[in-house]
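In: Have a look at this fold, sequence not included:
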């Protein structure tokens, strides 16, 4: 009988397996380990659509040449506090982590360091990357757009033009870091595909049909002709707000990097904007944390609508999920398990940890 429930594995074992798969597919070992570690962390945080579920698409891309297995990024411009890279379609998780590490080295001198990266491959879960900055006491903003992708229509329009354009910020408090990870559309491409493959409907009307009418049906994203689109944040009544956010992301990721929709790329990739801020370059880290912790406590103390669901800050659930995964294991869905097994067999990588229990 096929497995129906997720199985739980130790994070180190999953990371070792995924590292082996990416290495066998042609990635240099340090880069493979980086991608594997961040995908597993994403699953630990509870963002399963962007965790190990991305192994198969990434491995497919390496096999097909869509993701570059070798080479390096190109420095387009570097002033010290501002940097532009051409990622040459290298693994996005590795590119952004490399930018983060470079930024951390420069923050003591510059206080604020900003990167714009063009022609990166997919950068995965933004919150998992931003967390590396908050763990060091920094503020981070990370934005991404897919110049090749058209899934979200401009406000008042009916034809998809934008990608969901994710936006993440993170900053430290005295307790859990605040990790905001959202996008200009109400839902994402991955969640919509997952819902469509399962044959289900969204509980709310989170898409627009080809005539621009709200719909619960995820199939309108890619399975109809003409296609529909993902609904902008704010919905039919206030979608101009999501439209504004989408334009902001396009300007910071594509405008500043000098590569975007005008270039009509066809490869799966991303234009990226990353900004790191050291509070010590302003009023000081201690003052920053005091202010943000006070605000966090005020939010938590706010009388909840439902007494059984007190107010929580974004990032707190991810923190709890990580702690739970460390103690009880990382959940992996049956479909992801099968994809890992299939690739392990193809690449001749030991997948003993995935053997049916």
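Out: The structure has been received and is ready for your questions. As the structure is a prediction and not an experimental result, all values here were calculated from the model.
In: Next one: residue 3, what pLDDT does it get?
Out: pLDDT recorded at residue 3 is 56.
In: swap that for residue 356, please
Out: 81.
In: what about it, how many neighbours?
Out: 8 (other C-beta atoms under 10 Å). In this view, the C-beta of every residue, glycine as well, is placed from N, C-alpha and C.
In: That one and residue 21, how far apart?
Out: Distance, residue 356 to residue 21, by C-beta to C-beta, to the nearest Å: 19 Å.
In: For the helix or strand of the chain with the lowest mean pLDDT, name the packing helices and strands.
Out: Using mean pLDDT, DSSP states H and E, helix 189-197 stands out as the lowest-scoring helix or strand of the chain, at a mean of 93. Packing partners of helix 189-197 (3 or more C-beta pairs under 8 Å, 6 or more residues apart in numbering; DSSP states H and E): none among the helices and strands.
In: Just give me how far that helix sits from the chain centre.
Out: Chain-centre distance of helix 189-197: 15 Å, with C-alpha atoms, centre = their mean, to the nearest Å.
In: which residue ranges form the strands in the stretch 201-350 of the chain?
Out: 207-208, 214-215, 229-230, 270-277, 330-332 (DSSP state E, counting those that start in this stretch).
In: For the closest residue to residue 312 other than its chain neighbours, list the residues it contacts.
Out: By the measure of C-beta to C-beta, 6 or more residues apart in numbering, the closest residue to residue 312 outside its immediate chain neighbours is residue 300, 7.1 Å from it. Shown in contact with residue 300 (C-beta atoms under 8 Å, 6 or more residues apart in numbering): 310, 311, 312, 313.
In: and of those residues, the nearest to residue 288?
Out: residue 313 (15.7 Å; C-beta to C-beta).
In: can you count the residues close to that closest one?
Out: Residues near residue 313, counting by other C-beta under 10 Å: 20.
In: Now do the contacts for it.
Out: Residue 313 touches 173, 176, 178, 296, 299, 300, counting by C-beta under 8 Å, 6+ apart.
In: run the last query once more with 7 Å
Out: Shown in contact with residue 313 (C-beta atoms under 7 Å, 6 or more residues apart in numbering): 178, 296, 299.
In: Next, count neighbours for the second one.
Out: Pointing back at residue 296 there. Neighbours around residue 296, by other C-beta under 10 Å: 21.
In: Please name the nearest non-neighbouring residue to it.
Out: Using C-beta to C-beta, 6+ apart and skipping the chain neighbours, the partner closest in space to residue 296 is residue 173 (4.9 Å).
In: my guess is the one you found contacts residue 292, does it?
Out: Yes. Assessed by C-beta atoms under 7 Å, residue 173 is found in contact with residue 292 at 4.8 Å.
In: distance between stretch 199-209 and the chain's centre?
Out: Worked out by C-alpha atoms, centre = their mean, stretch 199-209 lies 22 Å from the chain centre.
In: Low-confidence stretches in the protein?
Out: Judged by pLDDT under 70, the chain has its weakly predicted residues at 1-3.
In: quick one, longest helix in it?
Out: For the chain, the helix that runs over the most residues, judged by DSSP state H, is helix 92-110.
In: Tell me which residues of that helix come out buried.
Out: For helix 92-110, burial by neighbour count (16 or more other C-beta atoms under 10 Å) applies to 92-100, 102-104, 106-107, 110.
In: Next: stretch 259-272.
Out: Going by 16+ other C-beta under 10 Å, stretch 259-272 has these buried residues: 259, 260, 261, 265, 267, 268, 269, 270, 271, 272.
In: Output these as a markdown table; include the columns distance to residue 46.
Out: What follows is those, written out as a markdown table (distance: C-beta to C-beta, whole Å):
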| residue | distance to residue 46 |
| --- | --- |
| 259 | 32 |
| 260 | 32 |
| 261 | 32 |
| 265 | 31 |
| 267 | 30 |
| 268 | 24 |
| 269 | 26 |
| 270 | 22 |
| 271 | 27 |
| 272 | 23 |
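In: so residue 21 sits right up against residue 342, yeah?
Out: No. Counting by C-beta under 7 Å, residue 21 sits too far from residue 342 to count as a contact (10.5 Å).
In: Those two - which one has more neighbours?
Out: residue 21 (26 against 13).
In: Give me the most central residue, this protein.
Out: Geometric centre of the chain, nearest residue: residue 125, 2.1 Å, by C-alpha atoms, centre = their mean.
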